[in-house]
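Asks: One predicted model, sequence on top.
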2 protein chains.
Amino acid sequence: MSAQDELPLALRAAYLTLHRLSDARFAEFGVTADQFVLLATLARGQALTQRELAVRMTSDPSTVRAMLVLLEKSQLVKRDTHPTDARARTVCLTAAGRRVFQQLWKAGDSLRASMIQSLQPGEAELLVDFLRRLSSSLNSERLTEDPPTINTAVEVRT
Amino acid sequence: MSAQDELPLALRAAYLTLHRLSDARFAEFGVTADQFVLLATLARGQALTQRELAVRMTSDPSTVRAMLVLLEKSQLVKRDTHPTDARARTVCLTAAGRRVFQQLWKAGDSLRASMIQSLQPGEAELLVDFLRRLSSSLNSERLTEDPPTINTAVEVRT
DNA sequence: TATTGTTATACTCTATAACTATA
DNA sequence: TATAGTTATAGAGTATAACAATA
(Lines give C-alpha, C1' and ligand atoms only; values in the text may rest on other atoms or scores of the structure.)
Protein backbone atom coordinates (compact mmCIF):
# COMPACT_ATOMS: atom_id res chain seq x y z
CA MET A 1 0.00 0.00 0.00
CA SER A 2 1.60 3.20 -1.18
CA ALA A 3 0.92 6.68 0.14
CA GLN A 4 -0.97 7.39 -3.06
CA ASP A 5 -3.39 4.60 -2.31
CA GLU A 6 -3.78 5.43 1.36
CA LEU A 7 -4.07 9.17 1.12
CA PRO A 8 -7.78 9.31 0.19
CA LEU A 9 -8.82 7.05 3.06
CA ALA A 10 -6.57 8.82 5.54
CA LEU A 11 -8.08 12.14 4.49
CA ARG A 12 -11.57 10.73 4.84
CA ALA A 13 -10.90 9.23 8.26
CA ALA A 14 -9.47 12.47 9.60
CA TYR A 15 -12.31 14.57 8.28
CA LEU A 16 -15.10 12.28 9.45
CA THR A 17 -13.60 12.02 12.90
CA LEU A 18 -13.46 15.79 13.13
CA HIS A 19 -16.96 16.11 11.73
CA ARG A 20 -18.50 13.71 14.25
CA LEU A 21 -16.77 15.25 17.22
CA SER A 22 -17.82 18.70 16.05
CA ASP A 23 -21.42 17.58 15.71
CA ALA A 24 -21.29 16.26 19.26
CA ARG A 25 -19.82 19.49 20.59
CA PHE A 26 -22.31 21.71 18.84
CA ALA A 27 -25.38 19.58 19.54
CA GLU A 28 -26.21 21.36 22.77
CA PHE A 29 -26.60 24.56 20.77
CA GLY A 30 -28.84 22.90 18.23
CA VAL A 31 -26.33 23.49 15.46
CA THR A 32 -24.69 20.94 13.18
CA ALA A 33 -21.04 20.91 12.15
CA ASP A 34 -21.94 22.02 8.65
CA GLN A 35 -24.14 24.81 9.93
CA PHE A 36 -21.20 25.91 12.06
CA VAL A 37 -19.12 26.19 8.90
CA LEU A 38 -21.79 28.35 7.34
CA LEU A 39 -21.91 30.60 10.39
CA ALA A 40 -18.12 30.81 10.45
CA THR A 41 -18.06 31.78 6.79
CA LEU A 42 -20.56 34.55 7.44
CA ALA A 43 -18.64 35.66 10.51
CA ARG A 44 -15.63 36.56 8.46
CA GLY A 45 -17.32 37.79 5.31
CA GLN A 46 -20.54 39.60 6.07
CA ALA A 47 -23.33 40.14 3.58
CA LEU A 48 -22.46 37.41 1.14
CA THR A 49 -24.82 36.27 -1.56
CA GLN A 50 -26.00 32.69 -1.39
CA ARG A 51 -23.91 31.81 -4.39
CA GLU A 52 -20.76 33.26 -2.88
CA LEU A 53 -21.52 31.43 0.34
CA ALA A 54 -21.79 28.14 -1.52
CA VAL A 55 -18.41 28.66 -3.18
CA ARG A 56 -16.64 29.53 0.05
CA MET A 57 -18.16 26.56 1.84
CA THR A 58 -17.25 24.11 -0.93
CA SER A 59 -20.95 23.47 -1.24
CA ASP A 60 -23.93 23.85 -3.54
CA PRO A 61 -26.45 26.71 -3.89
CA SER A 62 -29.45 24.50 -3.28
CA THR A 63 -27.79 22.88 -0.27
CA VAL A 64 -26.92 26.27 1.12
CA ARG A 65 -30.48 27.39 0.63
CA ALA A 66 -31.80 24.39 2.60
CA MET A 67 -29.39 25.18 5.39
CA LEU A 68 -30.31 28.86 5.40
CA VAL A 69 -33.99 28.04 5.75
CA LEU A 70 -33.18 26.05 8.88
CA LEU A 71 -30.87 28.72 10.29
CA GLU A 72 -33.41 31.44 9.59
CA LYS A 73 -35.97 29.43 11.50
CA SER A 74 -33.66 29.39 14.51
CA GLN A 75 -33.04 33.12 14.02
CA LEU A 76 -29.27 32.86 13.64
CA VAL A 77 -29.21 34.27 10.16
CA LYS A 78 -31.19 36.69 8.08
CA ARG A 79 -31.51 37.39 4.38
CA ASP A 80 -32.06 40.74 2.71
CA THR A 81 -32.39 41.72 -0.90
CA HIS A 82 -29.13 42.71 -2.49
CA PRO A 83 -28.65 46.52 -2.69
CA THR A 84 -27.80 46.59 -6.39
CA ASP A 85 -28.79 43.20 -7.81
CA ALA A 86 -32.49 42.52 -7.34
CA ARG A 87 -32.06 38.84 -8.18
CA ALA A 88 -29.61 38.23 -5.38
CA ARG A 89 -30.08 38.06 -1.64
CA THR A 90 -27.44 38.89 0.91
CA VAL A 91 -27.05 36.76 3.99
CA CYS A 92 -25.73 37.86 7.35
CA LEU A 93 -25.64 36.81 10.98
CA THR A 94 -28.22 38.19 13.34
CA ALA A 95 -27.15 39.48 16.75
CA ALA A 96 -28.15 36.12 18.21
CA GLY A 97 -26.19 34.44 15.43
CA ARG A 98 -23.04 36.30 16.34
CA ARG A 99 -23.51 35.47 20.00
CA VAL A 100 -24.10 31.77 19.38
CA PHE A 101 -21.18 31.64 16.98
CA GLN A 102 -18.84 32.88 19.69
CA GLN A 103 -20.07 30.14 22.00
CA LEU A 104 -19.64 27.57 19.26
CA TRP A 105 -16.13 28.77 18.58
CA LYS A 106 -15.27 28.34 22.22
CA ALA A 107 -16.94 24.92 22.33
CA GLY A 108 -14.70 23.81 19.48
CA ASP A 109 -11.55 25.13 21.07
CA SER A 110 -10.29 21.88 22.52
CA LEU A 111 -10.84 20.08 19.24
CA ARG A 112 -8.68 22.56 17.38
CA ALA A 113 -6.13 22.36 20.16
CA SER A 114 -6.12 18.57 20.03
CA MET A 115 -5.41 18.66 16.32
CA ILE A 116 -2.51 21.03 16.80
CA GLN A 117 -1.08 19.06 19.69
CA SER A 118 -0.72 16.00 17.51
CA LEU A 119 1.70 17.95 15.32
CA GLN A 120 5.17 19.36 15.83
CA PRO A 121 5.77 23.12 15.65
CA GLY A 122 5.53 24.23 12.05
CA GLU A 123 3.82 21.07 10.88
CA ALA A 124 0.34 22.57 11.10
CA GLU A 125 1.28 25.25 8.58
CA LEU A 126 2.77 22.58 6.36
CA LEU A 127 -0.36 20.43 6.65
CA VAL A 128 -2.62 23.35 5.74
CA ASP A 129 -0.38 24.04 2.76
CA PHE A 130 -0.56 20.40 1.63
CA LEU A 131 -4.34 20.39 1.91
CA ARG A 132 -4.66 23.62 -0.06
CA ARG A 133 -2.46 22.35 -2.86
CA LEU A 134 -4.38 19.11 -2.89
CA SER A 135 -7.72 20.90 -3.15
CA SER A 136 -6.68 23.14 -5.98
CA SER A 137 -5.09 20.27 -7.86
CA LEU A 138 -8.33 18.30 -7.59
CA ASN A 139 -10.34 21.33 -8.62
CA SER A 140 -8.37 21.72 -11.81
CA GLU A 141 -8.97 18.02 -12.40
CA ARG A 142 -12.66 18.79 -12.35
CA LEU A 143 -12.31 21.44 -15.06
CA THR A 144 -10.41 19.15 -17.41
CA GLU A 145 -12.80 16.29 -16.85
CA ASP A 146 -13.44 14.79 -20.25
CA PRO A 147 -11.56 16.79 -22.84
CA PRO A 148 -12.60 15.57 -26.30
CA THR A 149 -8.92 14.74 -26.92
CA ILE A 150 -8.64 16.48 -30.24
CA ASN A 151 -5.81 14.90 -32.09
CA THR A 152 -4.10 17.99 -33.41
CA ALA A 153 -0.88 16.06 -34.02
CA VAL A 154 -2.34 14.59 -37.17
CA GLU A 155 -3.18 17.96 -38.60
CA VAL A 156 0.23 19.36 -37.74
CA ARG A 157 1.91 16.51 -39.49
CA THR A 158 0.23 16.96 -42.84
CA MET B 1 -5.86 33.59 11.00
CA SER B 2 -3.52 30.99 12.45
CA ALA B 3 -2.96 27.50 11.12
CA GLN B 4 -4.89 26.20 14.11
CA ASP B 5 -7.96 28.13 13.03
CA GLU B 6 -7.66 27.28 9.35
CA LEU B 7 -6.81 23.62 9.63
CA PRO B 8 -10.38 22.33 10.16
CA LEU B 9 -11.73 24.21 7.14
CA ALA B 10 -8.79 23.25 4.96
CA LEU B 11 -9.33 19.61 5.91
CA ARG B 12 -13.02 19.89 5.13
CA ALA B 13 -12.47 21.58 1.77
CA ALA B 14 -9.97 18.96 0.66
CA TYR B 15 -12.17 16.08 1.71
CA LEU B 16 -15.38 17.43 0.20
CA THR B 17 -13.65 18.19 -3.08
CA LEU B 18 -12.36 14.64 -3.22
CA HIS B 19 -15.74 13.26 -2.22
CA ARG B 20 -17.64 15.10 -4.93
CA LEU B 21 -15.20 14.24 -7.67
CA SER B 22 -15.28 10.61 -6.57
CA ASP B 23 -19.06 10.57 -6.66
CA ALA B 24 -18.95 11.94 -10.20
CA ARG B 25 -16.41 9.35 -11.31
CA PHE B 26 -18.28 6.42 -9.83
CA ALA B 27 -21.75 7.52 -10.90
CA GLU B 28 -21.64 5.65 -14.19
CA PHE B 29 -21.23 2.44 -12.19
CA GLY B 30 -24.16 3.27 -9.93
CA VAL B 31 -21.90 3.43 -6.89
CA THR B 32 -21.42 6.32 -4.47
CA ALA B 33 -18.09 7.45 -3.04
CA ASP B 34 -18.99 6.04 0.36
CA GLN B 35 -20.06 2.74 -1.14
CA PHE B 36 -16.71 2.64 -2.88
CA VAL B 37 -15.01 2.96 0.49
CA LEU B 38 -17.03 0.06 1.78
CA LEU B 39 -16.12 -2.07 -1.22
CA ALA B 40 -12.46 -1.09 -0.85
CA THR B 41 -12.52 -2.06 2.81
CA LEU B 42 -13.97 -5.45 1.93
CA ALA B 43 -11.47 -5.86 -0.89
CA ARG B 44 -8.57 -5.81 1.51
CA GLY B 45 -10.13 -7.55 4.47
CA GLN B 46 -12.51 -10.29 3.37
CA ALA B 47 -15.25 -11.73 5.55
CA LEU B 48 -15.54 -8.88 8.00
CA THR B 49 -18.43 -8.57 10.41
CA GLN B 50 -20.65 -5.54 10.04
CA ARG B 51 -19.28 -4.12 13.24
CA GLU B 52 -15.68 -4.48 12.12
CA LEU B 53 -16.60 -2.93 8.81
CA ALA B 54 -18.08 0.08 10.58
CA VAL B 55 -14.91 0.61 12.62
CA ARG B 56 -12.61 0.39 9.63
CA MET B 57 -14.77 2.77 7.63
CA THR B 58 -14.97 5.31 10.44
CA SER B 59 -18.71 4.79 10.32
CA ASP B 60 -21.67 3.48 12.26
CA PRO B 61 -23.20 -0.04 12.37
CA SER B 62 -26.64 1.17 11.37
CA THR B 63 -25.24 3.27 8.54
CA VAL B 64 -23.22 0.32 7.32
CA ARG B 65 -26.29 -1.85 7.43
CA ALA B 66 -28.26 0.59 5.27
CA MET B 67 -25.42 0.66 2.78
CA LEU B 68 -25.14 -3.12 2.75
CA VAL B 69 -28.82 -3.48 1.97
CA LEU B 70 -28.32 -1.29 -1.09
CA LEU B 71 -25.16 -3.08 -2.17
CA GLU B 72 -26.79 -6.46 -1.72
CA LYS B 73 -29.61 -5.32 -3.96
CA SER B 74 -27.11 -4.49 -6.68
CA GLN B 75 -25.42 -7.86 -6.08
CA LEU B 76 -21.99 -6.46 -5.27
CA VAL B 77 -21.90 -7.83 -1.75
CA LYS B 78 -23.24 -10.80 0.12
CA ARG B 79 -23.75 -11.60 3.76
CA ASP B 80 -23.40 -15.01 5.42
CA THR B 81 -23.83 -16.13 8.98
CA HIS B 82 -20.62 -16.09 10.96
CA PRO B 83 -19.02 -19.55 11.27
CA THR B 84 -18.62 -19.45 15.04
CA ASP B 85 -20.79 -16.56 16.28
CA ALA B 86 -24.44 -17.03 15.38
CA ARG B 87 -25.24 -13.41 16.20
CA ALA B 88 -22.80 -12.03 13.69
CA ARG B 89 -22.85 -11.91 9.93
CA THR B 90 -19.82 -11.83 7.71
CA VAL B 91 -19.78 -9.64 4.65
CA CYS B 92 -17.80 -10.21 1.49
CA LEU B 93 -17.65 -9.12 -2.11
CA THR B 94 -19.40 -11.19 -4.75
CA ALA B 95 -17.60 -12.02 -7.98
CA ALA B 96 -19.42 -9.11 -9.59
CA GLY B 97 -18.40 -6.94 -6.65
CA ARG B 98 -14.74 -7.71 -7.17
CA ARG B 99 -15.04 -7.02 -10.87
CA VAL B 100 -16.82 -3.70 -10.37
CA PHE B 101 -14.37 -2.71 -7.68
CA GLN B 102 -11.48 -3.12 -10.09
CA GLN B 103 -13.23 -0.86 -12.55
CA LEU B 104 -13.91 1.69 -9.84
CA TRP B 105 -10.31 1.61 -8.74
CA LYS B 106 -9.22 2.34 -12.28
CA ALA B 107 -11.82 5.08 -12.63
CA GLY B 108 -10.37 6.77 -9.55
CA ASP B 109 -6.81 6.50 -10.76
CA SER B 110 -6.44 10.01 -12.10
CA LEU B 111 -7.89 11.50 -8.92
CA ARG B 112 -5.30 9.77 -6.79
CA ALA B 113 -2.63 10.78 -9.27
CA SER B 114 -3.80 14.38 -9.20
CA MET B 115 -3.51 14.45 -5.42
CA ILE B 116 0.02 13.08 -5.55
CA GLN B 117 1.09 15.44 -8.30
CA SER B 118 0.27 18.42 -6.15
CA LEU B 119 2.89 17.26 -3.67
CA GLN B 120 6.67 16.98 -3.77
CA PRO B 121 8.36 13.58 -3.45
CA GLY B 122 8.05 12.37 0.13
CA GLU B 123 5.35 14.85 1.04
CA ALA B 124 2.55 12.38 0.45
CA GLU B 125 3.97 10.07 3.11
CA LEU B 126 4.32 13.03 5.44
CA LEU B 127 0.74 14.11 4.78
CA VAL B 128 -0.62 10.63 5.46
CA ASP B 129 1.39 10.61 8.68
CA PHE B 130 -0.02 13.99 9.73
CA LEU B 131 -3.56 12.85 9.03
CA ARG B 132 -3.10 9.64 11.00
CA ARG B 133 -1.72 11.49 14.00
CA LEU B 134 -4.52 13.98 13.78
CA SER B 135 -7.17 11.25 13.70
CA SER B 136 -5.80 9.40 16.66
CA SER B 137 -5.39 12.59 18.64
CA LEU B 138 -9.02 13.47 17.98
CA ASN B 139 -10.12 9.95 18.84
CA SER B 140 -8.51 10.10 22.23
CA GLU B 141 -10.26 13.45 22.69
CA ARG B 142 -13.51 11.57 22.24
CA LEU B 143 -12.69 9.11 25.00
CA THR B 144 -11.90 11.81 27.53
CA GLU B 145 -15.00 13.79 26.66
CA ASP B 146 -16.63 14.70 29.95
CA PRO B 147 -14.76 13.01 32.74
CA PRO B 148 -16.76 13.46 35.99
CA THR B 149 -13.64 15.08 37.47
CA ILE B 150 -13.67 13.13 40.69
CA ASN B 151 -11.74 15.09 43.22
CA THR B 152 -9.71 12.32 44.80
CA ALA B 153 -7.25 14.81 46.19
CA VAL B 154 -9.64 15.64 49.02
CA GLU B 155 -9.88 12.04 50.13
CA VAL B 156 -6.13 11.57 49.97
CA ARG B 157 -5.61 14.59 52.13
CA THR B 158 -7.75 13.39 55.05
C1' DT C 1 -28.70 35.11 -23.18
C1' DA C 2 -26.74 34.34 -18.84
C1' DT C 3 -27.29 34.45 -13.98
C1' DT C 4 -29.49 34.35 -9.01
C1' DG C 5 -32.34 32.15 -6.50
C1' DT C 6 -36.48 29.08 -5.64
C1' DT C 7 -39.01 24.96 -5.79
C1' DA C 8 -39.83 20.14 -6.11
C1' DT C 9 -38.00 15.88 -5.63
C1' DA C 10 -35.30 11.99 -4.46
C1' DC C 11 -31.50 9.62 -2.54
C1' DT C 12 -27.79 8.67 0.68
C1' DC C 13 -25.73 8.95 4.89
C1' DT C 14 -26.29 9.55 9.71
C1' DA C 15 -27.76 8.45 14.36
C1' DT C 16 -30.69 7.12 18.32
C1' DA C 17 -33.45 3.95 20.69
C1' DA C 18 -35.92 -0.18 21.34
C1' DC C 19 -35.80 -4.81 20.17
C1' DT C 20 -34.33 -9.97 19.31
C1' DA C 21 -31.11 -13.47 19.54
C1' DT C 22 -26.92 -15.16 21.04
C1' DA C 23 -22.39 -15.24 23.86
C1' DT D 1 -24.79 -9.02 31.43
C1' DA D 2 -22.82 -7.78 27.29
C1' DT D 3 -22.69 -7.97 22.38
C1' DA D 4 -24.22 -8.34 17.06
C1' DG D 5 -27.45 -7.12 14.34
C1' DT D 6 -32.19 -5.36 12.96
C1' DT D 7 -35.83 -2.20 12.78
C1' DA D 8 -38.17 2.14 12.92
C1' DT D 9 -37.68 6.66 12.59
C1' DA D 10 -36.07 11.18 11.83
C1' DG D 11 -33.16 14.64 10.14
C1' DA D 12 -29.50 16.68 7.40
C1' DG D 13 -26.86 17.27 3.42
C1' DT D 14 -26.60 16.50 -1.53
C1' DA D 15 -27.82 17.19 -6.30
C1' DT D 16 -30.63 17.74 -10.57
C1' DA D 17 -33.92 19.91 -13.29
C1' DA D 18 -37.46 23.15 -14.33
C1' DC D 19 -38.84 27.65 -13.36
C1' DA D 20 -39.30 32.94 -12.47
C1' DA D 21 -37.21 37.23 -12.21
C1' DT D 22 -33.55 40.09 -13.30
C1' DA D 23 -28.94 41.52 -15.45
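Replies: Okay, I see it. Numbers count the residues shown, from 1 in each chain, chains lettered A, B, ... in the order given.
Asks: Would you state the strands of chain A in chain order?
Replies: Ranges of strands within chain A are A:48-49, A:77-81, A:89-93, based on DSSP state E.
Asks: near DNA strand D, which residues of chain A?
Replies: Neighbours of DNA strand D within chain A, by CB under 7 Å from any atom of the strand: A:32, A:34-35, A:59-60, A:62-63, A:66-67, A:70, A:84-87. No exception for glycine: its C-beta is placed from N, CA and C like everyone else's.
Asks: Return the member of these nearest to A:W105.
Replies: A:Q35 (13.4 Å; CB to CB).
Asks: so that closest one touches A:V69, yeah?
Replies: No - shown here, A:Q35 and A:V69 do not form a contact pair, counting by CB atoms under 8 Å, at 11.4 Å.
Asks: neighbour count winner among those two?
Replies: A:Q35 (21 against 11; other CB atoms under 10 Å in any protein chain shown).
Asks: so what's the more buried one up against?
Replies: A:F26, A:M67, A:L70, A:L71 (CB atoms under 8 Å, 6 or more residues apart in numbering or on different chains).
Asks: quick revisit: out of the residues of chain A next to DNA strand D, which are buried?
Replies: A:T32, A:D34, A:Q35, A:S59, A:M67 (16 or more other CB atoms under 10 Å in any protein chain shown).
Asks: Enumerate every residue touching A:S135.
Replies: B:A10, B:A13, B:A14, B:T17.
Asks: can you give me the helices in chain A?
Replies: A:3-26, A:33-44, A:50-56, A:61-73, A:95-107, A:109-117, A:123-143, A:152-157 (DSSP state H).
Asks: Is chain B within reach of the fourth one?
Replies: Translated: helix A:61-73. No - Helix A:61-73 stays clear of chain B (CB under 8 Å from any CB of the partner chain), getting no nearer than 10.9 Å.
Asks: How about A:R79: which residues does it bridge to?
Replies: Applying DSSP bridges to A:R79 gives these bridge partners: A:V91.
Asks: what about chain A, any weak spots by pLDDT?
Replies: A:142-158 (pLDDT under 70).
Asks: which residue is nearest the middle of it?
Replies: Nearest to the mean C-alpha position of chain A, by CA atoms, centre = their mean, lies A:M57 at 3.3 Å.
Asks: That residue contacts A:L39, doesn't it?
Replies: No - A:M57 is not in contact with A:L39 according to CB under 8 Å; the separation is 10.5 Å.
Asks: Quick check: nearest residue in space to A:L39, chain neighbours excluded?
Replies: A:F101 (4.8 Å; CB to CB, 6 or more residues apart in numbering or on different chains).
Asks: Neighbours of that neighbour, how many?
Replies: For A:F101, using other CB under 10 Å, the count is 19.
Asks: How much space separates it from A:R44?
Replies: 10 Å (CB to CB, to the nearest Å).
Asks: and what of A:V31?
Replies: On the measure of CB to CB, A:V31 and A:R44 end up 17 Å apart.
Asks: out of those two, which sits in the busier spot?
Replies: The neighbour comparison of A:V31 against A:R44 (other CB under 10 Å) goes to A:V31, with 24 against 10.
Asks: so what's that one up against?
Replies: Contacts of A:V31 by CB under 8 Å, 6+ apart are A:L39, A:L76, A:V100, A:L104.
Asks: backbone phi and psi for the second one, please?
Replies: If I follow you right, that is A:L76. In terms of degrees, to the nearest 10, the main-chain angles of A:L76 are phi -90, psi -10.
Asks: What is the burial count for the spatially closest residue to it that is not a sequence neighbour?
Replies: In space, and not counting its chain neighbours, A:L76 is closest to A:G97: 3.8 Å by CB to CB, 6+ apart. Number of residues near A:G97 (other CB under 10 Å) recorded here: 20.
Asks: Equivalent analysis for A:Q46, please.
Replies: By other CB under 10 Å, neighbour count at A:Q46 equals 10.
Asks: before we move on, back to that, for DNA strand C, see how far away the residue nearest to the centre of chain A is.
Replies: Noted for A:M57: a distance of 13 Å to DNA strand C, by CB to the nearest atom of the strand, to the nearest Å.
Asks: Can you report phi and psi for that residue?
Replies: phi -90, psi 0.
Asks: hmm, back to that, go through the helices of chain A and name the closest to B:E125.
Replies: Short answer: helix A:3-26, nearest of those by CB to CB, at 4.6 Å.
Asks: related to what we said a few turns ago, DNA strand D versus the residue nearest to A:L39, what's the distance?
Replies: 15 Å.
Asks: Tell me which residues touch that residue, please.
Replies: So A:F101 contacts A:F36, A:L39, A:A40, A:A43, A:L76, A:L93 (CB under 8 Å, 6+ apart).
Asks: Let's see that with 7 Å instead.
Replies: Neighbour list for A:F101: A:L39, A:A43, A:L93 [criterion: CB atoms under 7 Å, 6 or more residues apart in numbering or on different chains].
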